[in-house]
Structures are given as structure tokens and as C-alpha cells.
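J.: Test case, fold it:
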Amino acid sequence: MATRALSPGEVVAPPGGAAVTLRSSVPLGHKVAVVALPPDAPVRKYGATIGRTSAAVEVGDHVHVHNLAFSEADEPHEFGTDRHRLATPPGARPTFLGYPRADGRVGTRNYIGILTSVNCSASTARMIADQFRGAVLDAYPNVDGVVALTHRSGCGLVTESEGARVLMRTLRGYAAHPNIAGLLVVGLGCEMLQSSRIVDTADIPSSTLIEHLVIQDEGGVRRTVRAGVAAINRMLEPINGLRREPCDISKLVLGLNCGGSDGFSGITANPALGVASDRLVSYGATSILGETPEVHGAEGLLTRRAVSETVGRKLLARLDWWRDYTAAGGGTMDNNPSPGNKAGGLTTILEKSLGAVAKGGHADLTDVVEYAETPRTPGLIFMDTPGYDPVSVTGIVAGGATVVCFTTGRGSVFGCKPVPSIKLGTNTELYERMSEDIDLNCGTIVDGTETLAEVGDKVFEQILAVASGRQTVSEELDLGQEEFVPWQLGAVT
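T.: Numbers count the residues shown, from 1 in each chain. Sure, this is the predicted structure:
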């Protein structure tokens, strides 16, 4: 792989290999052939096949979409044959400064959330939240903000459909989230998904302050906004009175996601995050990996680490569901990577998936859960989510993630209130170009100035610092309210 842009005629010497003369230009992060390959030959990366040649490839050729094609892997799956017992590192057991909640979970932030039952109450919720932007919260330093969690559904639903269940599970997950210390639920009144159902049946900690408004009952938008502002004002003082306390590291729930991936993702930021994830899991914490379409072709790496065949087959069942789902929409599972991914050097979904799975480190796969479902056990969990970043992370946060690590090679400006999002850049060029949007540069691994283990340790320490209150660049920019995007499934009537 090219660690810098290469020109035709340039001679390079791969580690442990013979010198190669470039036959064409090769952009940063793209692949160079170091052996000749005939048509329909397998091309390997990460020790696995990422596709087959669609034309003859000579030594020094640029290997990309013009001569490398997707080819479905057809290998039998194994279960539990590559399990790893993660050793707890020596030394003192780490802690972080968090907000203990009444249900035993621990928050990393102290937010007031305005949750809407239906799109019809979205504007009202935003109007209420806007009254608490800027200096108005300066008198309440322990309140991280007031966030309007709005969406585009809630009515026109078949109430017992899969789509309705997914939406309700997502809303309840946010209502009960440990980063939400106060909750205002705003409904219209005539919607299919009644707002009372969110709070009546959600497993919300008894420590969470809850208020409930219905626009039609209050007498319209203006009156609801005034009532909502008054309700939040009642919450501010008691929530501001909460203080961070030292909490055991096992109380952390880490969300793993990648977006705008490139050819470096699978060798720098993703495996460095995997090192940090493994370390957290070794202490009894939970780490949630998602994006089901982006483990397509690499699922065998996870089934071999599954704690049981039942868990491994749960993952395969979700992939089967996705094949049917994409086919019903006229697509296929290999309709990926994106144009940006390809510009960054990724050619096939197999190459992308093999790199993406590295975020999960080497820990055993403890369970597979549905979208927005709360894991029942600690360890490495796989959650069934789409690859679209806002939808994926919304599900992971609804499942209880209290810190999110987001790797990116092309550049991402993602945030996810009420949870901090740590941005990990895959290459130094990106970090220098977008330094105000990236928290940590993992490109030093390929630069040769730091090892994978050293960068993994930096990611781990960053997670603890952010969990204890250090702001991420996304939080400094006040990003994350618009990225609440529940997965919409099923018929709209």
C-alpha cells in the first residue's frame, strides 16, 4: 500500500520484497501489485481474499476498481475456534469520573433531553432547546446542555410492525440513557406512537427527572414552549447539584464506529481502537461493534471468536436478513464502498469489512443484539445496525454506549449528543488538514513514529479522559443534535 503518492517510473522497495518500478501513478492509501497476477486470480490483504482480478495485473500496476472485482467468499464458517482470553494489564485498576445513576449504570455526561414521540412535535422541541443555548447555562456548570432529540416518524406506522418496535426501542433507550439526567417528552396528541408509551414502559432510572407535555392538551405550540421552558428550569438546579465520582472502569460502555474509511483504516485507527477496546473488555467493560453491511465478508473473523455457536449463528442470521433486505430494495450487499472510500484506496466491501472488524480487537464475541437493544452481558457485543453513520450510532447509543470512538480516513464531522464522540484519524495528512475536527492522529503508526500498541494506549487514555469530562472537538463545536437518526423500517401508511 502506498504511504505517499507514487509516480510512474518511481522505484520502491516493499519491506522484505524486491524493488518495484511503478507502471502508473498510485494515490496515497492505494494498492500496488508486487507480483504479477493473471485474470481471475485472488488478491489478498489482511491475510484474506478481498476480490479477484478482472484483468491481468503486472508488477508495479495500480490495483483498484479497474482491475479488481468483488467475488463472494464461499468458505464454511467456524464457531469458537479462535477465542482469546484477554489478560487484565498489571498495575492499578483504572477508574473514571462519572455520574452514578439509580439503576447502577454510570453516565459520562449530564444532559437534559427533550424526546419527541412524533415528527409533529419536533419543531416545538427545538424551540424549547434553543432557549437554553449559549450563556444561559453558565450558571449551571454541571449541566452539559439541553438537547432536542427529534425524528421523522411516530405516525402513519403499523403499531406492531418491526419499524414501530425499532423506533420505540430507540426512544426508550434514549429515555433511560445514563447520560440523560432530566427528560422532557413532547408529543402532539393524536399520533400513532403515543408519547406516554415512551415513559410508561421504559426502564428509566428513578434518579432521572421526568416531565411530559402534549401540544394539543397544552393549547398549541407557543403554550407548550413556555411550559417546556418552565419544566426544564425546574430541572436545572437539582441536576447541576450532581457531581462526578470515581467509578470503576467496568461501568463504561464503548461504542465503535467508522465513517469515511480509507486504505489506512484497517492498519492504523481501527486496530488501535481494537487495542483500546480489548483493554476495556479485559476489565469487564462493554464494547459495542455495529454496521452489519460492513462486516460482510469478514463475519468469519467474528464467528471464530464467538463464545458459542448460538452467538455466531445469530450474526449469520442478521447477515441473511440484510441480503434479503437489500435485494428487496433492488440492491446487493457488495454495493459498497462509497465513492469517498474508493478515492481513499478501498476497492471492495471485503477489503473494507476486514479493516472495519479490526475495531473490535481480539476479544471474544459475547453476544449479538438487535438495533437499539441493551446488551445483557459485558464484553464485545455486536449490534445489528446499518452502515450509515448517524443511524448506526443512534442505535449504539440507544443500547447504552456512554462514549463513542469514531475512526475516519476521509474526514468526518460527526457528533452524537448526549454522548461524546472521539474522532480518530487514520493518516497524518488528514489530521493536519482537519486538525480542528479530529481528536487523535493514528497515522503515526504508518509514519513509523509510534507503534500500534502505543497509539492503542493513547486511545485508551483518551477514552478515560473524555469519560471523565474532557470535551471532544465535536462537543466544542456543539455538534450532535441533528445526528439523532433512528432507523426507519417498514410501511408508512
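J.: And T385, which helix or strand is it part of?
T.: Assigned by DSSP states H and E, T385 belongs to no helix or strand.
J.: and what of I463?
T.: Here I463 is assigned to helix 452-467, by DSSP H and E.
J.: any residues touching that helix, and which ones?
T.: 94, 96-98, 108, 249, 252, 254, 268, 271-276, 279-280, 402-403, 405, 420, 422, 424, 439-440, 442, 444-445, 450, 472 (Cβ atoms under 8 Å, 6 or more residues apart in numbering). C-beta here means a position set from N, CA and C on the backbone, and glycine is covered the same way.
J.: Out of the residues you listed, list just those in strands.
T.: 96-98, 254, 403, 405, 422, 424, 440 (DSSP state E).
J.: Just the buried residues of these.
T.: Buried by 16 or more other Cβ atoms under 10 Å: 96-98, 254, 403, 405, 422, 424, 440, out of those.
J.: how far does the helix-or-strand element of the chain with minimal mean pLDDT sit from the chain's center?
T.: When the helices and strands of the chain are scored by mean pLDDT, DSSP states H and E, helix 195-201 comes last with a mean of 84. Distance of helix 195-201 from the chain centroid (Cα atoms, centre = their mean, to the nearest Å) equals 27 Å.
J.: Enumerate the positions of that helix that are buried.
T.: 195, 197-199.
J.: for stretch 47-66, same thing?
T.: 48-53, 57, 59-64.
J.: ok, now stretch 211-222?
T.: Buried, per 16+ other Cβ under 10 Å, within stretch 211-222: 211-215, 218.
J.: Redo these as CSV? Include secondary structure.
T.: Below are the buried residues of stretch 211-222 laid out as CSV (DSSP: H, G, I helix; E, B strand; the rest coil):
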residue, secondary structure
E211, strand
H212, strand
L213, strand
V214, strand
I215, helix
E218, helix
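J.: farthest-separated two in the residues you listed?
T.: Greatest spacing in these, by Cβ to Cβ: E211 and I215 (13.9 Å).
J.: rewinding a little: and the contacts of the least confident helix or strand of the chain?
T.: By Cβ under 8 Å, 6+ apart, helix 195-201 touches 115-118, 121, 168, 171-172, 175, 183, 185-187, 210, 212, 214.
J.: mind running it again at 6 Å?
T.: Identification of contacts with helix 195-201 by Cβ atoms under 6 Å, 6 or more residues apart in numbering yields 117, 171, 175, 185, 187, 210.
J.: Strands - which of these land there?
T.: 185, 187, 210.
J.: was I right about the first one contacting T116?
T.: No - with contact defined as Cβ atoms under 6 Å, V185 does not reach T116; the gap is 7.7 Å.
J.: Who has more neighbours out of those two?
T.: Ranked by neighbour count (other Cβ atoms under 10 Å), V185 and T116 place T116 first, with 29 against 25.
J.: That one: what's it in contact with?
T.: T116 neighbours (Cβ under 6 Å, 6+ apart): 122, 125, 150, 186.
J.: And L137, by the same measure?
T.: Per Cβ under 6 Å, 6+ apart, neighbours of L137: V143.
J.: Return the member of the buried residues of helix 195-201 nearest to G395.
T.: Using Cβ to Cβ, the buried residues of helix 195-201 come closest to G395 at I198, 16.6 Å.
J.: ok, and the closest non-adjacent residue to that closest one?
T.: L171 (5.0 Å; Cβ to Cβ, 6 or more residues apart in numbering).
J.: dump the residue contacts of the closest residue in space to D82 that isn't next to it in sequence.
T.: Nearest residue to D82, sequence neighbours excluded (Cβ to Cβ, 6+ apart): R304, at 3.8 Å. Each residue near R304 by Cβ under 6 Å, 6+ apart is listed here: 78, 81-82.
J.: hmm, 8 Å instead?
T.: Neighbours of R304 in contact, by Cβ under 8 Å, 6+ apart: 78-83.
J.: Dump the residues you listed to JSON lines, plus distance to R243.
T.: Formatted as JSON lines, the contacts of R304 follow (distance: Cβ to Cβ, whole Å):
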{"residue": "E78", "distance to R243": "49"}
{"residue": "F79", "distance to R243": "46"}
{"residue": "G80", "distance to R243": "44"}
{"residue": "T81", "distance to R243": "48"}
{"residue": "D82", "distance to R243": "44"}
{"residue": "R83", "distance to R243": "41"}
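J.: re the thing from before, would you list the contacts of helix 195-201 in a markdown table and tack on pLDDT and distance to T224?
T.: Shown next, in a markdown table, are these (pLDDT from 0 to 100; distance: Cβ to Cβ, whole Å):
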| residue | pLDDT | distance to T224 |
| --- | --- | --- |
| S117 | 96 | 13 |
| L171 | 97 | 19 |
| A175 | 97 | 19 |
| V185 | 98 | 12 |
| G187 | 97 | 10 |
| I210 | 97 | 16 |
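J.: isn't there a helix covering R44?
T.: No - under three-state DSSP, R44 falls outside any helix and is assigned strand.
J.: shift numbering so it begins at 16
T.: Got it, the first residue is 16 from now on, which makes the last one we talked about R59.
J.: Quick one: residues in contact with stretch 162-172.
T.: Taking Cβ under 8 Å, 6+ apart as the rule, stretch 162-172 contacts 126-137, 140-141, 143-144, 178-179, 182, 189, 205-208, 432-433, 495-496, 499-501, 503, 505, 507-508.
J.: I'd guessed D218 sits against A191; true?
T.: Yes - the pair D218 / A191 is scored as a contact, 5.3 Å apart, by Cβ atoms under 8 Å.
J.: isn't A413 right up against R184?
T.: Yes - A413 is in contact with R184 according to Cβ under 8 Å; the separation is 6.9 Å.
J.: in what helix or strand does the residue nearest the centre of the chain lie?
T.: The centre of the chain sits closest to N272, judged by Cα atoms, centre = their mean, with a distance of 2.8 Å. Assigned by DSSP H and E, N272 falls within strand 268-273.
J.: where exactly do the helices run in the stretch 16-165 of the chain?
T.: 137-145 (DSSP state H, counting those that start in this stretch).
J.: likewise the stretch 366-508 of the chain?
T.: Under DSSP H, counting those that start in this stretch, the stretch 366-508 of the chain gives helices at 404-413, 443-448, 459-462, 467-482, 488-491.
J.: returning to that earlier point: restricted to strands, list the buried residues of stretch 62-81.
T.: Using DSSP E, the buried residues of stretch 62-81 in strands are 63-68, 77-78.
J.: and these, which two are the farthest apart?
T.: Of all pairs in those, the most separated under Cβ to Cβ is A63 and H77 at 21.0 Å.
J.: picking up where we left off before, higher neighbour count, D218 and A191?
T.: A191 (22 against 10).
J.: how about the nearest residue to that one, chain neighbours excluded?
T.: I219 (4.7 Å).
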